[in-house]
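**Student:** return a 3D structure for these sequence lines:
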Amino acid sequence: MRIIAVSKQQPASAIAAAYAAGLRHFGESYVQEALPKMAELKELDITWHFVGKLQANKTRAVAEHFDWVHTVDRLRIAERLSEQRPHSAPPLNVLIQINQGGEEQKAGTLEHDVDALARGISALPKLALRGLMTLPPQSGKGASAWFASLAALRARLEADGIPLDTLSMGMSADFETAIAEGANFVRIGTAIFGARHPG
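**Tutor:** A predicted model of the protein is given here:
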């Protein structure tokens, strides 16, 4: 199980302190905020995860600077990431974001569309499809059924010949519930850093 320390709206100094405490994987949601922090912390052996909503005009910066993307939800975004990934870089690890509740305010592909999207991503040369991510309609213990459903979806995709090794689910309020349902990535922000520092 891996902790992704979600460091959006946290200064580089807070990330450096978390790194000194032993954390190595950090998640950012906004490209324009992340890039200066990456530059400031470039001497540290950090694995960077993009965990925010990914817009088409931001794919180049994400493809060039991040190691993981948790929020791929349509093939065109995946194609752009593959096309824009530097040739010298290893394949970009990606997760498909699933909109389990069909909520209009949330990004993510619907479950009935995931098979085609997964096969499309798997065919792209500079991407490595690793698994699934969710922001479930409920948090806390109420998220248990949603987490179990995502684990079942991964198992079904694997049975259909699409190997996936990662479930990114659970945040500060429900990471223990997520781990119990099979999460191997949990995205934790406030429980590590405390309150965010906007601006």
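
**Student:** can you check the pLDDT for G140?
**Tutor:** With respect to pLDDT, G140 has a value of 77.

**Student:** thought it was touching D174?
**Tutor:** Yes - between G140 and D174 there is a contact under Cβ atoms under 8 Å: 5.1 Å. In short, each C-beta sits where N, CA and C put it, glycine included.

**Student:** ok, these two, which is more surrounded?
**Tutor:** Of the pair G140 and D174, D174 is the one with more neighbours under other Cβ atoms under 10 Å, namely 24 against 10.

**Student:** check whether that one really touches A143, as I assumed.
**Tutor:** Yes - the criterion here is Cβ under 8 Å, and D174 meets it with A143 at 4.8 Å.

**Student:** find me the pLDDT at G199, would you?
**Tutor:** Residue-level pLDDT assigned to G199 equals 52.

**Student:** where does the protein dip in pLDDT?
**Tutor:** Applying pLDDT under 70 to the chain flags residues 196-199.

**Student:** all the strands of it, residue numbers only.
**Tutor:** 2-6, 25-28, 47-50, 68-72, 92-98, 127-134, 166-168, 185-188 (DSSP state E).

**Student:** run a quick neighbour tally on M1.
**Tutor:** 11.

**Student:** and if you look at A152?
**Tutor:** Counted with other Cβ under 10 Å, residues neighbouring A152 total 12.

**Student:** I'd like the distance between it and N93.
**Tutor:** In this view, A152 and N93 are 22 Å apart by Cβ to Cβ, to the nearest Å.
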